[in-house]
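Q: need a 3D model of the sequence below.
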Amino acid sequence: MSSSSSSSSATSTNNKLLSLQLEKPLGLILEEADSTISNSGVVVTQVNEGGSAYNAASPSADKLLTNAKIIKVMGTDVSSMSFDDVMEVIIGAPSPLDIEFALAASEEIDEVTAAAAAAPQYEIGTIVSIKVEQPDKPPITLEAKVGDNLRKTLLANKDIELYRGLKKKLGNCGGGGQCGYCAVELRDDSEGGVWGERSEYEDTKIGKKAGTEGQRLACMNNIVGPATVKTL
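A: Okay, here's the model as predicted:
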């Protein structure tokens, strides 16, 4: 399954198991775990940069998920299913969906998972404040849930104009991460910093000119904690 996605969510790690809540499409390329065994489950062979899984598991998403085996999808054990059956479960599941991975064993993985476990994070569903600043309008403070897509959260409020100007309104890609029109200035308001660095994919869409360092693509970021967002 190969794709790019507009959103993703927070992660948790435990004994080399990684649980993610991902929006569809997942942004993963999957193959049979063992081509000589019909019901061997599936493994990740590639993590697409800028996709749902990449954003959810960053930093080092490729190192964490490459060669990882999918164990459960929405609580259903798929570890001993055929490739086609696993795909059916994934396709039939709602979005976002919960996926549990068994990580490939390596010292590098141990270092990455240890860093992830030590990093501050909010549980999925936690209510946090998102302060929205707009040109020529008073600030708005939203109550948003961790795990929700930032773009969708902003668009759901009729008093927030994410796409300013006719060009952005008519020419945006609808949250596909292609146009760059949903770029916002984002300041991490959490203690310890949970938003992390923006992805390399966002760098290519936003650019690295002076003054753009704090900008993010709203469609490519799920809410992971409190923040101040300024529309552009």
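
Q: all the helices of the chain, residue numbers only.
A: Secondary structure of the chain by DSSP state H: the helices cover 52-57, 61-65, 83-92, 107-118, 150-155, 166-171, 200-206.

Q: so which of those comes closest to Glu133?
A: helix 150-155 (11.8 Å; Cβ to Cβ). Where C-beta positions appear, they are placed from N, C-alpha and C, glycine not excepted.

Q: what about that closest one, distance to the chain center?
A: Using Cα atoms, centre = their mean, to the nearest Å, the mean C-alpha position of helix 150-155 is found 14 Å from that of the whole chain.

Q: what's it packed up against?
A: Contact here means 3 or more Cβ pairs under 8 Å, 6 or more residues apart in numbering; DSSP states H and E; on that basis helix 150-155 packs against strand 127-134, strand 227-231.

Q: next, the buried residues of it.
A: Leu150, Arg151, Lys152, Thr153, Leu154, Leu155 (16 or more other Cβ atoms under 10 Å).

Q: check the helices of the chain for me and report the most buried one.
A: Ranked by mean neighbour count, the helices of the chain are led by helix 52-57 with a mean of 27 (mean count of other Cβ atoms under 10 Å).

Q: tell me the gap between that one and the middle of its chain.
A: Here the centre of helix 52-57 is set off from its chain's centre by 4 Å, with Cα atoms, centre = their mean.

Q: tell me the mean pLDDT for it?
A: The predicted model assigns helix 52-57 a mean pLDDT of 76.

Q: repeat for stretch 28-36
A: What stretch 28-36 shows for mean pLDDT is 91.

Q: same thing with stretch 124-133?
A: Stretch 124-133 comes out at a mean pLDDT of 93.

Q: export that stretch to PDB, keeping only CA atoms.
A: Taking Å, rounded to 0.1, in the frame of the first residue of the first chain, the C-alpha atoms of stretch 124-133 are listed here in PDB:
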ATOM      1  CA  ILE A 124      -4.800  10.600  21.900                       C
ATOM      2  CA  GLY A 125      -8.100  12.400  22.700                       C
ATOM      3  CA  THR A 126      -6.600  14.800  25.200                       C
ATOM      4  CA  ILE A 127      -8.200  18.200  25.000                       C
ATOM      5  CA  VAL A 128      -5.700  21.000  24.400                       C
ATOM      6  CA  SER A 129      -5.900  24.700  23.500                       C
ATOM      7  CA  ILE A 130      -5.100  25.900  20.100                       C
ATOM      8  CA  LYS A 131      -4.900  29.700  19.900                       C
ATOM      9  CA  VAL A 132      -5.500  31.000  16.400                       C
ATOM     10  CA  GLU A 133      -4.200  34.400  15.300                       C
END
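
Q: what's in contact with that stretch?
A: The contact list for stretch 124-133 (Cβ atoms under 8 Å, 6 or more residues apart in numbering) reads 9-10, 21, 122, 139-147, 150, 153-154, 157, 160, 189, 223, 225-231.

Q: can you give me the buried ones in that stretch?
A: Within stretch 124-133, the residues scored as buried using 16+ other Cβ under 10 Å are Ile124, Thr126, Val128, Ile130, Val132.

Q: ok, of the helices of the chain, where does mean pLDDT dip lowest?
A: Mean pLDDT is lowest for helix 107-118 among these, at a mean of 54.

Q: one step back: now render the helices and strands packed on helix 150-155 as a markdown table, adding distance to Glu32.
A: Shown next, in a markdown table, are the helices and strands packed on helix 150-155 (distance: least, Cβ to Cβ, whole Å):
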| stretch | distance to Glu32 |
| --- | --- |
| strand 127-134 | 40 |
| strand 227-231 | 41 |
